[in-house]
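Sequence and predicted model, in that order:
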Amino acid sequence: MWQTDVLWRTVDGTKWVYVKINIHSLRIQVLALLALTYLIVLSMAIYNAYDRRSHELAETLQVLESHAHQIAEAENQTVRYIQHLPLLISETNAFNRRPGSEDCHGVLENLVKNDTHMGNLMLVTPNGNVVCSANPIRGKLNVADRQYFKKALSSNELIVGEAITGRVSKRWVLPFALAVRDKSGHVQGVIEASLDLGWIENEFVRGKYPPDARIGLIDGKGTVLARYPDPENLIGRNISNIPFFTTLTSQRGTGTAEVSGYDNVQRVFAFSHFSDTADGPIYLWIGLSKKSVTAAADNQFTRGLLWLVALTAGTFVVAWFGGKRLVVHPINVIAGTANRLSEGDYQARTGMRYTKNELGDLARAVDDMAGALVSKSALLRLNRSLRVLIACNRVLVHAQTETQLLNDICRVIVENGGYRMAWIGIANDDEERTIKPLAVYGFEDHYLDNAKISWADTPSGQGVTGLAVRTGEAQVNFDFQNDPRLLPWRESAMRRGYRSSSAFPLMSATRAWGVLTVYSDKLDAFTDKEVELLADLAEDITFGIASLKTKNELADTRLDIIRRLMNAGEYRDSDTGSHIKRMSLYCEAIGRSMDLSPAQCELLLVASPMHDVGKIGIPDHILLKPGKLDPQEFEIIKRHPTIGADILSNPTSDLLRTAHDIALYHHEKWDGSGYPKGISGTDIPLMARIVAVADVYDALTTTRPYKRPWTEEQAHEEIIRLSGSHFDPDVVNAFIGCRAEILRIKAANPD
C-alpha cells in the first residue's frame with residue numbers, strides 16, 4: 001500500500017512527529033468522498049454568494065443612478081428659477097430702490113428664501129460694486145474681477161460661471177449672472193445669483209448613505225467643486241489624473257461604473273449631468289465603497305462558511321473514529337481472515353457477530369466459506385496430487401532423454417500441482433556430500449545457488465532435502481517461519497514466497513541417489529495423502545530413468561545393427577560409402593526445405609542410408625561391372641529394392657518402417673514408370689520420393705564404373721527436367737530451394 005509521511009509539530013514547537021497515512025485506507029477514501037461532497041456544497045455557497053453580491057451591486061448602482069438623476073433634476077429646478085430671477089427683480093423695481101436700503105435687502109431676501117439651494121442674490125453696478133445683497137454685507141464689495149461678471153456685461157444671455165468661493169458666504173457656489181439693460185440697451189447693472197454647493201451635505205444626510213460613501217460635483221476639467229465628506233480636502237483641487245475621472249469622462253458624465261476613487265478604495269459610482277457653464281459641463285456623482293455594498297452578502301457567506309467548516313470538521317471527526325469502529329475494523333478482520341484462508345489456514349474465522357447489515361452478512365459468508373473449505377480441502381489436495389501423478393506418468397512414457405524427463409517432471413509438478421517451485425538433485429559422494437541440482441522449474445530466483453544444501457549430518461544437511469537423502473524417507477516442512485531446522489534458509493525462502501516444503505528420496509537398491517524437493521506458497525500445504533502420492537511419484541521417477549536407460553540401450557542396439565548393414569553394403573561396393581553419407585545429408589536438407597518436423601528429418605537422415613541394402617543380394621559380376629548392363633543384367637539389378645524390403649520386413653519401429661519403405665520404393669517414378677511395383681504419385685511414400693531425388697542427383701554428379709560425373713549445373717537441370725515424370729514436383733521445388741545447402745554438403749564430403 002502506498003503511504004504518505006506527514007510531519008506534525010507539537011504545541012511547544014520543539015518536537016516533530018512522523019505520521020504515516022495510508023492513502024488507500026478505506027477511512028481516507030470515505031473522508032475524501034465527504035470532502036468532495038462538502039466541496040460541492042462550498043462551491044454552491046460561493047456561487048450563491050457571488051450571485052447575491054452581483055445582484056446587490058446591480059441594485060445599488062441602479063439606486064445610485066436614480067438618486068443622482070433626482071438630485072441633478074432638483075438642482076436644475078433651482079437653475080431654472082435663477083433664470084427667471086431677472087424678470088422677477090424687474091417687476092419689483094429693485095434697481096430703482098436706494099442701494100443698501102433695508103427695502104432692497106428685503107426684496108432680495110424674499111426672493112432667495114423661496115429656494116433653500118440659493119446661496120445669495122446680489123445687484124451689482126456696471127463698475128462691479130455690490131449695491132444690494134440678500135445676505136448682509138459688511139463694508140463695500142466689488143466683483144468686477146469675476147469672470148462671470150465680465151462676461152455678463154458683454155452678453156444678453158444668462159451667464160453660468162465656474163464654481164468659486166463666495167465672498168459673502170465663504171462657501172463654494174456656482175454663480176449665474178445676467179445684465180439688466182434699459183430701453184436703449186445701456187447696462188443698468190448685473191443680477192448675480194449663486195447656487196450654494198453646500199447642499200451636497202444635506203443630500204448626503206438625507207440619502208442615509210454609509211460613512212464611507214462620497215457625493216460631489218466636478219467640472220469637465222477635473223476640478224472638484226463640491227465633495228462630502230471630504231477628508232482629503234479635495235474641493236478646489238484637480239483630480240483629472242485618477243481612474244475615476246477618466247471613467248466619468250469616457251461615459252460623458254452619465255451612467256454607472258465600478259472603479260477606484262481618489263483614496264484608491266474600490267467604489268461603485270453613479271454619474272449624472274448637472275449643468276453647463278461657460279467653462280464646460282458640471283457632473284454630479286455619488287460613490288459607495290464596494291465593500292459596504294457587499295458587506296451583508298460577505299458577512300452572510302462568512303457565517304455560512306464558518307458553519308460549514310465546523311460541520312465538516314465535526315463530520316470528519318465522526319467519520320474518522322466512527323468509521324474505524326463501525327467499518328474499518330470489521331473489514332480488516334474479514335480481510336485478515338480471508339488472507340489466512342488464502343494462505344492455507346482453513347481454521348481461520350472472523351469471530352464477529354453476524355449483525356443485520358452488509359458487514360454482518362459478509363462475515364457470515366467468509367466463515368461459511370472457511371467451513372466449506374475445511375471439508376473440501378482434503379479432496380482438492382488429493383485431486384491436485386492425482387493430477388500431478390497422472391501428468392508425470394505421461395511424461396515418463398514419452399520422455400526421450402534423462403534431462404528432458406527430469407525437467408518435464410519439475411514443470412508438471414509446478415503447473416499441475418500449483419506449487420511455487422520444484423527441483424531434482426543428485427546426491428554426490430564428495431567430501432561435503434553436496435546435492436547438485438539436475439532440473440528446476442518455478443520461481444527459483446537463484447535460491448539454489450546460495451542454499452548450500454548437503455545431505456551430511458551437519459547444519460547444512462538438516463533441511464528436508466538433506467534429511468530425505470540421508471534417511472531414505474519423505475520429509476515435510478509445514479512452516480518455514482517456525483520450523484527451527486530451516487533457520488539457515490528461512491529468510492531467503494520467505495523472501496521468495498516459500499511457506500512450506502517437502503522432499504522425497506530417489507532410491508536405488510541400497511540408498512538414495514537423488515532427491516525431489518517441492519515448495520509451496522501456503523502453510524501446511526502437504527497432507528499425508530499428498531505426501532504419499534508424491535512419494536509414489538519419486539519411485540516412478542527412479543523407475544522411469546531406469547526404463548529410459550534400457551530403452552536408449554535398445555535404440556542404440558538397433559542403430560548399431562543399421563550401421564552394420566550399411567557397412568555391409570560399403571564392404572561390397574567401395575564407391576558407395578561417401579555416396580551414402582552425402583545422400584543422407586541431401587535427404588535431411590530437402591526434408592527441412594519441405595518443413596518436415598525435426599523427428600521426420602531425423603528419420604530421413606538415419607533411414608535413407610539403407611535404401612540400397614538389397615544390393616547385398618546382387619552378384620558381384622553385375623554389381624561391379626564397369627560397363628553398361630545388358631537387359632538381363634538390369635533385370636537382376638532391379639531386384640535389389642525387393643531384396644532390401646525383405647531384409648527389413650516386419651519392422652518394429654518407425655525407423656525400420658521408414659527404412660523398409662525407402663528400400664522398396666525409392667526407384668518408383670511419379671508417372672508410374674518405375675519399379676518394382678509401378679505405383680505413381682502420392683501412392684509412393686514421401687520419404688522414398690525424397691530419397692529418389694537425392695540418390696539420382698548424387699549418382700549424376702559422381703564417378704561410376706560406367707560413366708564420368710556430370711557437372712553440378714547439368715545435374716541440376718536434369719532434376720528439373722524430370723520433375724513431374726520421374727520426380728515429385730514438390731520435392732524438386734524443395735531441392736531447388738536448398739541448392740546452397742546441397743552444394744555445401746557436396747563440397748564437404750568428396751569421394
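Received the coordinates, thanks.

what about the strands in the stretch 301-450 of the chain?
Here the stretch 301-450 of the chain has its strands, by DSSP state E, counting those that start in this stretch, at 421-427, 435-442.

residues of the longest one that come out buried?
Burial within strand 435-442, assessed by neighbour count using 16 or more other CB atoms under 10 Å, is assigned to 435, 437, 439-442. From N, CA and C alone the C-beta is placed, and that goes for glycine too.

Export those residues to a markdown table and append columns for distance to Leu629.
A markdown table is the format used below for these (distance: CB to CB, whole Å):
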| residue | distance to Leu629 |
| --- | --- |
| Ile435 | 68 |
| Pro437 | 63 |
| Ala439 | 58 |
| Val440 | 63 |
| Tyr441 | 62 |
| Gly442 | 66 |
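
Tell me the one among the residues you listed nearest to Phe727.
Proximity to Phe727 was ranked across those by CB to CB; first place goes to Ala439, at 46.1 Å.

which ones are touching that closest one?
Under the criterion of CB atoms under 8 Å, 6 or more residues apart in numbering, the contact list for Ala439 reads 403, 406-407, 409-410, 423-424.

ok, 6 Å please
406-407, 410, 424 (CB atoms under 6 Å, 6 or more residues apart in numbering).

Helix or strand with the lowest mean pLDDT in this protein?
The helix or strand of the chain with the poorest confidence is strand 3-9; it has a mean of 50 (mean pLDDT, DSSP states H and E).

So what touches the lengthiest strand in the chain?
Ranked by residue count and defined by DSSP state E, the top strand of the chain is strand 266-277. Taking contacts as CB under 6 Å, 6+ apart, the residues outside strand 266-277 that touch it are 60-61, 64-65, 68-69, 72, 160, 162, 248, 253-258, 260-261, 282-290, 293.

got it, and stretch 48-67?
Contacting residues not belonging to stretch 48-67 are listed as 256, 268, 270, 286, 293-294, 297, 301 [CB under 6 Å, 6+ apart].

Could you find the lowest-pLDDT member of these?
pLDDT is lowest at Ala297 among the contacts of stretch 48-67; the value there is 71.

Let me know the helix or strand that that residue is in.
For Ala297, the element it lies in under DSSP states H and E is helix 290-323.

one step back: need the strands of the stretch 301-450 of the chain in TSV (columns: mean pLDDT).
Formatted as TSV, the strands of the stretch 301-450 of the chain follow (pLDDT from 0 to 100):
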stretch	mean pLDDT
strand 421-427	91
strand 435-442	91
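
Quick check on the closest residue to Val168 other than its chain neighbours: phi, psi?
The shortest distance from Val168 to any residue other than its chain neighbours is 5.0 Å, reached at Asn135 (CB to CB, 6 or more residues apart in numbering). Asn135 adopts backbone torsions of phi -100, psi 140, taken as degrees, to the nearest 10.

Please determine how far Asn135 is located from Arg167.
Using CB to CB, to the nearest Å, we find Asn135 at a distance of 10 Å from Arg167.

ditto for Ala35
Noted for Ala35: a distance of 72 Å to Arg167, by CB to CB.

Could I get the full set of strands for the stretch 501-650 of the chain?
Applying DSSP E, counting those that start in this stretch to the stretch 501-650 of the chain gives strands spanning 512-520.

For it, which residues score under the pLDDT cut-off?
Scanning the stretch 501-650 of the chain for pLDDT under 70 picks out 548-577.
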